[in-house]
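K.L.:
Predicted model and sequence follow; I will ask about them next.
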There are 2 protein chains.
Amino acid sequence: MGRPDEGSPEATQAGKTRVRDRIFDTACELFYQRGIHGVGVDAIAAEAGSNKMSFYRSFASKDALVTEYLREQEREYWAWWESAVARHPGEPRRQIEALFEAQLEYASSKACRGCALGNAAVEITDEEDALSNLVREYKERVRGRLHELARGLAVSDPAGLGDALMLLLDGGYFTRLVFPRASGPIAAALPAARALIDAYIQASH
Amino acid sequence: MGRPDEGSPEATQAGKTRVRDRIFDTACELFYQRGIHGVGVDAIAAEAGSNKMSFYRSFASKDALVTEYLREQEREYWAWWESAVARHPGEPRRQIEALFEAQLEYASSKACRGCALGNAAVEITDEEDALSNLVREYKERVRGRLHELARGLAVSDPAGLGDALMLLLDGGYFTRLVFPRASGPIAAALPAARALIDAYIQASH
DNA sequence: TATGTGAGTTACTGGTAAGTAACTTCCGGT
DNA sequence: ACCGGAAGTTACTTACCAGTAACTCACATA
C-alpha cells in the first residue's frame, strides 16, 4: 500500500518512525488550517491513513497532541526567524527588514493562515490552561527578541520600537486571515517598519 | 421570579422585549468571551435564565444567531469609532490619535478579548461561508476608513499609511489576547502611529 | 370568562467527538 | 517455526450539541 521509505531500523529513538509521525504531521496541517477545535482525532487519524486506536497508542490524549503541535509550531517559527536573521549578522536594521520581507513572502503563499500560536490564543479561552501559558511564553519571547533587535539600533526607546514592530508583525498575521495572499495591509508592513525605525532613530537625536 | 421592568406594552415592534433580548445579549457576551465554537445554544439559553425551546422560538438556528452577533459587533464597533472620531471633526490627525487612545482605553478593561470580528475569522475556517464574507467586508470597510483618514493628511502614500495604521490597530487586538490589560505591546500603538504619520508626511516633502 | 400568545418543561432524535476494549494481522528478528 | 511488537479493525461508552415534539403555565386583553 505504498509505504514510505524506511531509513534506519534502530530500535532506540529513531525506531518510532512512520505512523506516529504521519499522524503528527497530518495533525499539524489540519490544526493550522481548520483550527484546533475544528478537527477531531478521528479525522486526523483517518486523514493520516490510520485510525483512532493507533492514534491513542502514540498520544496520551488530544490535549497532549495539541501541546506538541504548538511546540512544533514554535520550533518552526524560530527556525524561520533564525534563517531570516542569519543573512545579516551584526546588522540589526537589516535583520528586522529581513524578517518583514520573509513574512510577506510567507503570507503570499496560499497555505498561510497567519500565526499558528496566535490563532490558538483565540481558541484557547481558559487563561489558566497550560496551552495558554505556552502561547503567552512564546509571545513574550518574540517580544523580547524584538526588544533585543531594537536595542541594537541607536534609539532611546528600544522597547517602544520593538513593541511597535511587534504590532506590525502580528497585525500582518491577523489581517492575513481575511485578505488573500498579499492583497491586504500586510504589504505595507516593511515600508512602515523602515519608517518607524528611522523615526525612532531621529527622535533619539 | 424577578421579571425585569416592562416598558411600553406596544404590540408592534417594541413588544418583542425581554427573552429574545436577554438571550441575544447573553449570546454576544459568551461568543465574545469563549468563542463562537466554544459555546452551545443550551449554555446560552441557560445562562440567560431561559431554555433551548425559547431560544429556537426567537432564532432560526445557531448560525442565524451568530450572524446577528457579528452584525451587532460591527454596529457597536462603528459606534465606538464614530464617538472617538467625533471629538475632532475636520482634524484627521487628531481623529487617528483619538482612535488609538480609545483602543488603549478599551484594551485596558478586563472584559476586552480583542477584536470580535477578527477572532471570528480564526474560527470560521470555510472561506466560502457567509460569515466569512461578513467579516471580510467589515475588515475592508475598516481599511477603507483608514485610507480615508490618511487621505485627509498631506501624504503622498495615503494607502500605505492607512494600511500601516491598520496593522498597528489589529496587531493591538491580536496581542491583547495574550497580554493582560495594557501590559502588552499595544501600549506602544499610539506613539508608533504618531511617528508613522510624521514620517509619511515628511516623506512627501 | 374565553382566548391567544409568550414562555417554561421534559423528553426525544441524530450526529459527532473523546477515549477504551478486545481482537486480528503483518512483519522482522531469533 | 516462533515470538513480540507495531499497526489495523470493529465495536463500544460517555458526553455534548443542534434541533424538534408535545405539553403546560401565566397572563393580558377583549
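P.N.:
Yep, it's here. Numbers count the residues shown, from 1 in each chain, chains lettered A, B, ... in the order given.

K.L.:
Next to DNA strand D, which bits of chain A? Give me the list.
P.N.:
For chain A, the contact set with DNA strand D under Cβ under 7 Å from any atom of the strand comprises A:15, A:17-20, A:49-54, A:57-58. Where C-beta positions appear, they are placed from N, C-alpha and C, glycine not excepted.

K.L.:
ok, which pair from those residues is furthest apart?
P.N.:
The distance between the two most remote of the residues of chain A next to DNA strand D (Cβ to Cβ) is 22.6 Å, for A:G15 and A:K52.

K.L.:
which one of these two has more residues nearby?
P.N.:
Per other Cβ atoms under 10 Å in any protein chain shown, whichever of A:G15 and A:K52 has more neighbours is A:K52, with 14 against 10.

K.L.:
Tell me the pLDDT of that one.
P.N.:
pLDDT for A:K52: 95.

K.L.:
The one 3 residues further on now?
P.N.:
Per-residue confidence at A:F55 stands at 96 (pLDDT).

K.L.:
Secondary structure element for A:A121, which one?
P.N.:
Assigned by DSSP states H and E, A:A121 belongs to helix A:116-123.

K.L.:
how about the CA coordinates for that helix, as CSV?
P.N.:
C-alpha atoms of helix A:116-123 as CSV (Å, rounded to 0.1, in the frame of the first residue of the first chain):
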residue,chain,number,x,y,z
ALA,A,116,-0.5,29.4,14.5
LEU,A,117,0.2,30.3,18.1
GLY,A,118,-1.7,33.5,17.9
ASN,A,119,-4.7,31.8,16.4
ALA,A,120,-4.5,29.2,19.1
ALA,A,121,-4.9,32.1,21.6
VAL,A,122,-8.3,32.8,20.1
GLU,A,123,-9.5,29.3,20.6
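
K.L.:
what about the residue of chain A at minimum distance from DNA strand C, how many residues close to it?
P.N.:
Nearest to DNA strand C, among the residues of chain A, is A:G40, at 2.6 Å (Cβ to the nearest atom of the strand). By other Cβ under 10 Å, 12 other residues sit near A:G40.

K.L.:
how much space between it and B:R18?
P.N.:
Look at A:G40 and B:R18: by Cβ to Cβ, to the nearest Å, they are 38 Å apart.

K.L.:
What of A:F179?
P.N.:
A:F179 is 40 Å from B:R18, by Cβ to Cβ.

K.L.:
A:E97 touches A:R194, doesn't it?
P.N.:
Yes. At 6.7 Å, A:E97 counts as touching A:R194 under the criterion of Cβ atoms under 8 Å.

K.L.:
which residues touch the residue of chain A closest to DNA strand C?
P.N.:
The contact partners of A:G40, taken as Cβ atoms under 8 Å, 6 or more residues apart in numbering or on different chains, are A:K62.

K.L.:
Show the model's pLDDT score for it.
P.N.:
We have a pLDDT of 96 for A:G40.

K.L.:
Backbone torsions only: list them for it.
P.N.:
Per-residue torsions, A:G40: phi -100, psi 170 (degrees, to the nearest 10).

K.L.:
quick revisit: which of A:F179 and B:R18 has more residues huddled nearby?
P.N.:
It is A:F179, of A:F179 and B:R18, that has more neighbours when counted by other Cβ under 10 Å, with 18 against 13.

K.L.:
count of neighbours near A:M53?
P.N.:
Close neighbours of A:M53, defined as other Cβ under 10 Å, add up to 8.

K.L.:
how near is the residue positioned nearest the centre of chain A to B:D21?
P.N.:
A centroid search over chain A (Cα atoms, centre = their mean) returns A:Y77, at 4.3 Å, as the residue closest to the centre. Note on A:Y77: its distance to B:D21, by Cβ to Cβ, is 44 Å.
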